[in-house]
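*Asks:* just coords:
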């Protein structure tokens, strides 16, 4: 079976068992503060497992694209060195939300593996949870009995809490799991050593293929377990590993999932995959990493220096580094693999085809930038090697600088060090790496208390599209959160007018009033696990009474106007620049907004002016807000609504329409475009290759900007005696300044030539070398200019100057070219003299300068200059 057939058979099988086939969620997570990337198939169902959302279906199945490169699931440095590890991978999964449980999950897993995929039953093993006394849990008899229907007892093994108890995090839903393992060894090896003894021993041929998680508990903040009201099933099977098994390969990279990419790398590089161990590792790294990079960009995450963007940039640079070192690539090559990737995976994931041009452009620019950085890194590594020759060890700090700043994987640095006869201080490197991880943890470290629950209701209804005040709301639950030494309270109500930060729009602020009159400020509103969470500074005195929730209306009005302006700007850009324009991100606040979009060149002044005029004409049309809040995707598509790549849309969506602008959007908007008032672009810049950013203001902020510009213009006119044509006056001033500058340069050249003649006349021989000294206060520029003239005209000549200017000591040392040819080096010699003025300096062999703090040391410094110059 091909990989495409294997994937489809999985989905078709579970569809036949009443499961809804759902699309993969984006790999990049936007509205979950606890995760940057989807790292498991269950992530998109997290709200259901937490009880925050009522499922639309009882059974689901999918193939989910996942990325494990951060946190505890970090396989990055292992990728390439074996045939199993990956950054991006697909997770085949099936789920039950309060419907079937262990028996059906086990029966269907067995049926799929043995009857559909035709895997030999005799080489399969299953593990079940043995229980854990500290948690008060016992042997999972239900799972064991289910497996006994399919496997002999000696193929059913007991596993401890580490291997057979799955937890979402420190708190939350969890439960025992049952792993299915397969013994891929030869018959002879199986006869010698039973497969049962090799399960969960890190044996490369006795491996796990499927994990069935039985979610039946909730882990509380104090560590104890409570039974969940609804028991759920969450299974995950690695797609790449399944393909390896079914296609009879010994490595995931030999399957057709990767073979097309590896063939292209062979073609581009001129090297063969099995040419050497190094080429194998390099090609595996590249074939793996291009998938992670391309899908992240398709999902809206561009490489950058922060958070998720930094992770993607590190992956890209690791791939480039391996290609550069082992395959001889010194030009962009990853971008050339996107065509093959689209051919391999575009059918299952159409976003990779739709975003292909952007993906190629972004990767190409990133590669070019890193290749330049790589040259600097290699030069730095050469310096580290030279300074480490005596000790034989490159310090961990230096190795970490190469790793963190220049993208050098530590294994490659170690390899280059070995070739130079050196080792790496790995303990020191790991200390630095640990510090970095600790900094990252501290930056995002939150301590969550348990929810104090006041109602069994789980859903929170958002009423903020229609009102800014809700009366009679009920507090569902609250908890304490500590972040960066600040304690905040999270409040969840059954109904709220507060918009939670999402889709680029900031969260609402305002206040709530309790039944006893207590007024509590709401500092922000965020979306967390599908809950609208209100951030407050204190807990209500009376948590069980009714509450009135009030949004800051003026602030919301400005946010809504700015959000609507982003839609009008999107429409205008598509009309002026072309329909290739797609939104790539946004920030919508009360004071300004920014809008990121795909476009492959800087916008001209004319294009910016045309965009401003068009947006303002759309504002003046005063088009009313038209919305359909519960549209199906089919209805939205029929209306021509624009959807964003990388966003996860539900079965029902909100369509927002202003005139000809039609978009899928959950944000808040003004009631008519005329309310925006006026639109003004503040700046246009590059975010990444193929992605531009416009920052703009509207309404009162735009008015203030215009008034400020008018004041600047008025002040500028006053500086030119209120000239009627300010532009002409400025041009005349620039022209006059250029003329004056030319005259001054001529005067300075004459003065320098005269000064040089004076110096020649004052020269005296010292040890057979003509030496002239300068020790009176002078302009350093004049001294350097004179020295430059002397350097061109004189031979066997030294200028040594030690003088004060503007209260600071200065040194200049010049050697004539013939002295330089004999080995003199002013850049090196001046450093010894600079110590007398408590400073430092350097320069070229023929001319060097230095500065310092100690004027009293000038006399000694001059003597030192003459001494080294004539030695």
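*Replies:* All right, it came through fine. What you are looking at is a predicted structure, and each value in this text was computed from that prediction instead of being measured.

*Asks:* wait, residue 100 sits on residue 235?
*Replies:* No: applying CB atoms under 8 Å, one finds residue 100 not in contact with residue 235, separated by 11.4 Å. Quick note: C-beta positions are derived from backbone N, CA and C, even for glycine.

*Asks:* Among the two, which residue is more densely surrounded?
*Replies:* The neighbour comparison of residue 100 against residue 235 (other CB atoms under 10 Å) goes to residue 235, with 26 against 19.

*Asks:* hey, what's the more buried one bridged with?
*Replies:* With DSSP bridges as the criterion, residue 235 is bridged to residue 212.

*Asks:* quick one: the helices in the stretch 401-550 of the chain?
*Replies:* Listed in chain order, the helices of the stretch 401-550 of the chain (DSSP state H, counting those that start in this stretch) span 410-419, 426-444.

*Asks:* Distance to residue 775 and mean neighbour count added to those helices, as CSV?
*Replies:* As requested, the helices of the stretch 401-550 of the chain are exported to CSV (distance: least, CB to CB, whole Å; neighbours: other CB atoms under 10 Å):
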stretch, distance to residue 775, mean neighbour count
helix 410-419, 50, 17
helix 426-444, 48, 13
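
*Asks:* Go through those helices and name the closest to residue 96.
*Replies:* Checking those against residue 96 by CB to CB gives helix 426-444 as the closest, at 32.6 Å.

*Asks:* helices or strands up against the closest one?
*Replies:* Contacts defined by 3 or more CB pairs under 8 Å, 6 or more residues apart in numbering; DSSP states H and E place helix 426-444 against helix 396-405, helix 410-419.

*Asks:* 10 Å - rerun?
*Replies:* helix 307-326, strand 393-394, helix 396-405, helix 410-419 (3 or more CB pairs under 10 Å, 6 or more residues apart in numbering; DSSP states H and E).

*Asks:* Quick check: which element contains the nearest residue to residue 752 once chain neighbours are set aside?
*Replies:* Among residues not flanking residue 752 along the chain, residue 785 sits closest, at 3.8 Å (CB to CB, 6 or more residues apart in numbering). Using DSSP states H and E, residue 785 sits in helix 780-793.

*Asks:* which element follows that helix toward the C-terminus?
*Replies:* strand 797-805.

*Asks:* re the thing from before, any common contacting residues for residue 100 and residue 235?
*Replies:* Contact criterion CB atoms under 10 Å, 6 or more residues apart in numbering; residues shared by residue 100 and residue 235: 94, 108.

*Asks:* burial measure for the residue nearest to residue 501 when sequence neighbours are not counted, as a count.
*Replies:* Nearest residue to residue 501, sequence neighbours excluded (CB to CB, 6+ apart): residue 507, at 3.7 Å. Neighbours of residue 507 under the rule other CB under 10 Å: 20.

*Asks:* Next: residue 762.
*Replies:* 11.

*Asks:* residues in contact with the closest residue in space to residue 776 that isn't next to it in sequence?
*Replies:* Nearest-residue entry for residue 776: residue 803, 6.2 Å, with adjacent residues in sequence omitted and distances by CB to CB, 6+ apart. Residue 803 makes contact with 773-780, 783, 809-812, 855, 858, 861-862, according to CB under 10 Å, 6+ apart.

*Asks:* repeat that for 7 Å
*Replies:* Contacts for residue 803 (CB atoms under 7 Å, 6 or more residues apart in numbering) come out as 774-778, 810, 858.

*Asks:* Now go through the residues you listed and say which are in strands.
*Replies:* Residues of the contacts of residue 803 located in strands (DSSP state E): 774, 810.

*Asks:* In three-state terms, how would the residue nearest to residue 313 when sequence neighbours are not counted be classified?
*Replies:* In space, and not counting its chain neighbours, residue 313 is closest to residue 303: 3.9 Å by CB to CB, 6+ apart. Applying DSSP: H, G, I helix; E, B strand; the rest coil to residue 303 yields a three-state assignment of coil.

*Asks:* so what's residue 303 up against?
*Replies:* Counted by CB under 7 Å, 6+ apart, residue 303 has contacts 309, 312-313, 316, 366, 688.

*Asks:* Can you tell me which of those residues has the most neighbours?
*Replies:* Counting by other CB under 10 Å, top hit in the contacts of residue 303: residue 312 with 28 neighbours.
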